[in-house]
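**Student:** here is a sequence with its predicted model. Questions after.
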Amino acid sequence: MFRSALMAATVLSCLASAAIAQDYPSRPITIVMQFPAGGTADAAIRLFADVVGRDLGQRVIIDNRSGGGGTVAAMAVKQAQPDGYTLRLIDIGADVILPLLQDVPYDPGRDFAPITAVMSWGQFLMVPAASAAHDVQGLLALARGGDLTYGSQGFGSGGHLLGAMLQMAAGAPLIHVPYKGGGPLTIDLIAGRIDLCFTSYREMRQHLADGKVRMLAQAAPARSPLVPEVPTFAELGVPGVELSPWFGLAAPAGTPADVVRTLGAAFARAAKDPSLLERLSREGIDVRVGTPGELAALIAADKQRLGQVIKSQGIKAE
């Protein structure tokens, strides 16, 4: 009798999942993200949401839930119904770096179903306009001769780890100064209160044009078409200083596979929209959609690589 009841429950569950997938989407979809409104990631995912919403015939709403380094947003989606109507914008910070530094109340691999990568952007080494360093080798020489400070967007951020990578390349200590976001970091870099930082093109575009900061190198595998004259660290003979923040889409674990495929296909179609591509390109944002397996592989690869950096530099949670 028990086996019969279990089989019946399994059949009903499968039928329910099939019904969800067949009617999906029949109401608005919410993407929960861990950053406040107005930032680069927020602006970009809203552009994606407009295109995907038109494609699927339903609104795609962005729900900003910042806090806890991404934990607040992650828990909201972990506890949501696995029906494809509550999704999460995952990223290298909350799904790779933070779990390497401290215990978090979610398992990025177990609690979420990967859908697709969405976007990434390069990070650039910036110095104040008054800096004595006019190239990377000059900066490394200054680092070896004294204590240089580097700012980041917060402890455990991409800027923090890039500074640690640069410290390894320089063979000299750099003093880390964490900020609560890119705004205060930019103010202090321009004023010369810190010696360098890693940040996005979008954050510094106007300050570069105004001559308030200088860009020395790109922490990416290839040069950005936005600043093709700026070399990568690898080209300068300084390998290993490379990290591009990426963002992807995930659903609560247990979301029907057909729903995951529907969402992935919609984002893949959006990634071919000429208007979307043009607007994102102007901001220095690269579109990088793919399969759930490719997103899972990206997470695993970054976990291994950045885990080695964290361990070798003795970076611990604060």
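**Tutor:** Nice, thanks for sending it over. Since the structure is predicted, the reported quantities are computational estimates derived from the model, not experimental observations. Numbering: from 1, shown residues only.

**Student:** tally up the residues packed near Leu277, please.
**Tutor:** Neighbour count of Leu277, defined by other C-beta atoms under 10 Å: 16. Yep, even glycine has a C-beta here, placed from its N, CA and C like the rest.

**Student:** sec struct for it, please.
**Tutor:** Following DSSP: H, G, I helix; E, B strand; the rest coil, Leu277 is assigned to helix.

**Student:** what does the pLDDT read for it?
**Tutor:** We have a pLDDT of 96 for Leu277.

**Student:** spatially nearest residue to it, not counting backbone neighbours?
**Tutor:** For Leu277, ignoring the flanking residues on the chain, the nearest one in space by C-beta to C-beta, 6 or more residues apart in numbering is Val287 at 6.4 Å.

**Student:** now that neighbour: phi and psi?
**Tutor:** Reported as degrees, to the nearest 10, the phi and psi values for Val287 are phi -80, psi 130.

**Student:** quick one: it and Val118 touch, right?
**Tutor:** Yes. Under the criterion of C-beta atoms under 8 Å, Val287 makes contact with Val118 at 7.4 Å.

**Student:** neighbour count winner among those two?
**Tutor:** More neighbours surround Val118 than the other of Val287 and Val118, with 26 against 20 (other C-beta under 10 Å).

**Student:** so in that sheet, which strands flank the strand or helix carrying the more buried one, and in what orientation?
**Tutor:** Assigned by DSSP states H and E, Val118 belongs to strand 112-121. Strands that pair with strand 112-121, judged by DSSP bridges, come out as strand 246-252 (antiparallel), strand 285-287 (antiparallel).

**Student:** can you tell me what sits against the first one?
**Tutor:** In this case it means strand 246-252. For strand 246-252, the surrounding residues in contact (C-beta atoms under 8 Å, 6 or more residues apart in numbering) are 31, 41, 44-45, 77-82, 84, 86-92, 111-120, 259-260, 263, 267, 288, 295, 298.

**Student:** kindly report the same for stretch 206-221.
**Tutor:** Contacts with stretch 206-221, where a contact means C-beta under 8 Å, 6+ apart, come from 122-129, 131, 133-136, 139, 162, 165, 186, 189-190, 198, 204, 224, 227, 230-234, 236, 238, 241-244.

**Student:** okay, and which of those residues map to strands?
**Tutor:** Using DSSP state E, the subset of these located in strands is 124-128, 198.

**Student:** possible to save the residues you listed as a markdown table with distance to Glu283, neighbour count and pLDDT?
**Tutor:** Shown next, in a markdown table, are those (distance: C-beta to C-beta, whole Å; neighbours: other C-beta atoms under 10 Å; pLDDT from 0 to 100):
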| residue | distance to Glu283 | neighbour count | pLDDT |
| --- | --- | --- | --- |
| Phe124 | 14 | 26 | 97 |
| Leu125 | 19 | 24 | 97 |
| Met126 | 17 | 29 | 98 |
| Val127 | 22 | 25 | 98 |
| Pro128 | 23 | 21 | 98 |
| Phe198 | 17 | 28 | 97 |
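
**Student:** ok, of these, which one's closest to Gly70?
**Tutor:** Of all the ones in strands among the contacts of stretch 206-221, the one sitting nearest Gly70 is Phe198; the distance, using C-beta to C-beta, is 19.3 Å.

**Student:** pairing partners for that closest one in the sheet, please.
**Tutor:** Counting by DSSP bridges, Phe198 is bridged to Leu125.

**Student:** contact partners for it?
**Tutor:** Here Phe198 is in contact with 123-126, 150, 152, 158-159, 162-163, 219 (C-beta under 8 Å, 6+ apart).

**Student:** put the buried members of these into a PyMOL selection.
**Tutor:** The following PyMOL line selects those of the contacts of Phe198 that are buried, judged by 16 or more other C-beta atoms under 10 Å:
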select buried, resi 123+124+125+126+150+152+158+159+162+163+219
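
**Student:** tell me what angle the strand or helix carrying Glu294 forms with strand 112-121.
**Tutor:** Using DSSP H and E, the element containing Glu294 is helix 292-313. Taking axes from the mean of the first three to the mean of the last three C-alpha atoms, to 10 degrees, one finds helix 292-313 and strand 112-121 inclined to each other by 70 degrees.
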